[in-house]
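Colleague: what follows is a predicted protein model with its sequence.
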Amino acid sequence: MALAENNFEEIKNRVFNAYKSEEPKLNEYREFAKDLKNNVKPIKEYSVNAVSFVSSDGGDNRLYFNPAIIELVRVVDSRGNQCALDAIASNSQANELNVRIQVGDNSPLLVKPLKQLCNDLNTDVVGLSYLLNGLGQQGKSTGAIRIYRDIVEWAVLYELMKYREWGSDTIIIREGMLRTKSFKREVFPKIDKLIREAYNAHKRKKITVSMVGVAKQSAVLSRLSVALELEETLHKPYPCYVNVPKNIEEECYNFDRTWLDTLDNSEPSEDGKYLYQAMGKLFLVKFGNRPFDPVWPVDIAEWQAHEADKILGQLMHDAQYGFPIPDFPMCIQKAHDYAKINGIEVDVLQDILLEGITHGLSQSEKEKILRMKYLGKNLTNVRYRNA
């Protein structure tokens, strides 16, 4: 029965009645938005060397010829340099990931940033996360590969912070926040410590290497978006930003505090260890100079939060040239362009997979596979594509 028929009024009334229980929450968020509005600050532009890195989207990196499914994990920076590359079969087991750091430097299996991170943490790959144990398990393998991709991205971030030599002040931009649930809670603080040490090592050479995370969306921005719009919190005719206090941020999450806690505000456990999964302080930032320009969530490394004015000014210098996404860091968009695998490249990789499948088969068996590949295509799609 269509909504346009006689039950439409009943549905409308039920929706309105249901909303009444949500109205107090909106009013609470409007108060948050008013508080934030009182603390909005303008951004002054600063020039800087900006570098970003991204991994290709998982769906763009999936090669399959049933029953074989291969996932590519590929991270590329905004200068076109390939930072990490790996290929994982859908039926791989978690302990097979350890091979990536146990081989020599000239091995095609090596994932160098991951090896550097694991060596400095004195652990193997599987020791980084409980979630990697889902690899090879039905219903969990895809999620485990997603976790592995995130871990490799963090390994690249670590490599850029610690093992790269920068000749001038640089800002390294991660697409995504400076927080993750991919690592064990006892492992993430160790990564935080190593990155802080790398930051200080650069400072001793009179070079500042800043680190930020920029996302297109977040739970905080999503939950507050209506209230921010109603209160015109960031409707300024100039670039501006506001720090989001922890109490407001906490109200917007529906899970435990490990996503919020950093070294500065976490409490040690009974054995004296700190357990947390974040190293950034959250800001809502508008890089454009028009009232209705987009607002982005930005994490600034906790140890540099007091330099937010300068860091966001450096980020704005890169973001105002953003295309095709306006007022979004251009170096992230460049990294996406480099990381993207186009249709022809996918076809070539599919042929490589096919070559691997047919290796060792007889000539007649190879012909059967080729016939299956080319004659088994969806003929309806081919017909309309060529019409």
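Modeller: Nice, thanks for sending it over.

Colleague: in the stretch 201-350 of the chain, where is pLDDT below threshold?
Modeller: Residue ranges of the stretch 201-350 of the chain with pLDDT under 70: 254-259, 343-346.

Colleague: recalculate using a threshold of 80.
Modeller: Applying pLDDT under 80 to the stretch 201-350 of the chain flags residues 253-260, 270, 341-350.

Colleague: residue boundaries of the helices in it?
Modeller: 219-231, 246-251, 308-319, 330-339, 343-358 (DSSP state H, counting those that start in this stretch).

Colleague: out of those, deepest packed?
Modeller: helix 308-319 (a mean of 23; mean count of other C-beta atoms under 10 Å). (Each C-beta comes from the backbone N, C-alpha and C, glycine too.)

Colleague: just want the angle from it to helix 330-339.
Modeller: Here the directions of helix 308-319 and helix 330-339 differ by 50 degrees (axes from the mean of the first three to the mean of the last three C-alpha atoms, to 10 degrees).

Colleague: remind me what helix 308-319 packs against, helices and strands.
Modeller: When contacts are defined as 3 or more C-beta pairs under 8 Å, 6 or more residues apart in numbering; DSSP states H and E, helix 308-319 packs onto strand 49-55, strand 170-175, strand 209-214, strand 240-243, strand 280-286, strand 296-301, helix 330-339.

Colleague: if we can go back for a sec, can you list the helices of the stretch 201-350 of the chain in TSV and add distance to residue 108?
Modeller: Supplementary listing: the helices of the stretch 201-350 of the chain in TSV, determined by distance: least, C-beta to C-beta, whole Å:
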stretch	distance to residue 108
helix 219-231	39
helix 246-251	43
helix 308-319	34
helix 330-339	20
helix 343-358	13
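
Colleague: so which of those helices is nearest residue 295?
Modeller: Closest to residue 295 of the helices of the stretch 201-350 of the chain is helix 219-231 (C-beta to C-beta; 6.8 Å).

Colleague: that closest one versus strand 296-301: what angle between them?
Modeller: 130 degrees.

Colleague: ok and helix 219-231 relative to strand 280-286, angle-wise?
Modeller: 40 degrees.

Colleague: dump the C-alpha coordinates for helix 219-231 into PDB.
Modeller: Written as PDB, here are the backbone C-alpha positions of helix 219-231 (Å, rounded to 0.1, in the frame of the first residue of the first chain):
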ATOM      1  CA  ALA A 219      29.800  11.400  14.500                       C
ATOM      2  CA  VAL A 220      30.200  14.800  16.200                       C
ATOM      3  CA  LEU A 221      29.600  16.700  13.000                       C
ATOM      4  CA  SER A 222      26.700  14.500  12.000                       C
ATOM      5  CA  ARG A 223      25.000  14.800  15.400                       C
ATOM      6  CA  LEU A 224      25.500  18.500  15.800                       C
ATOM      7  CA  SER A 225      24.900  19.500  12.100                       C
ATOM      8  CA  VAL A 226      21.200  20.600  12.600                       C
ATOM      9  CA  ALA A 227      22.000  22.600  15.700                       C
ATOM     10  CA  LEU A 228      25.100  24.200  14.100                       C
ATOM     11  CA  GLU A 229      23.000  25.300  11.200                       C
ATOM     12  CA  LEU A 230      20.100  26.600  13.300                       C
ATOM     13  CA  GLU A 231      22.400  28.600  15.500                       C
END
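
Colleague: for residue 73, find the nearest of the helices of the stretch 201-350 of the chain.
Modeller: Evaluated over the helices of the stretch 201-350 of the chain, closeness to residue 73 peaks at helix 330-339, with 11.1 Å, by C-beta to C-beta.
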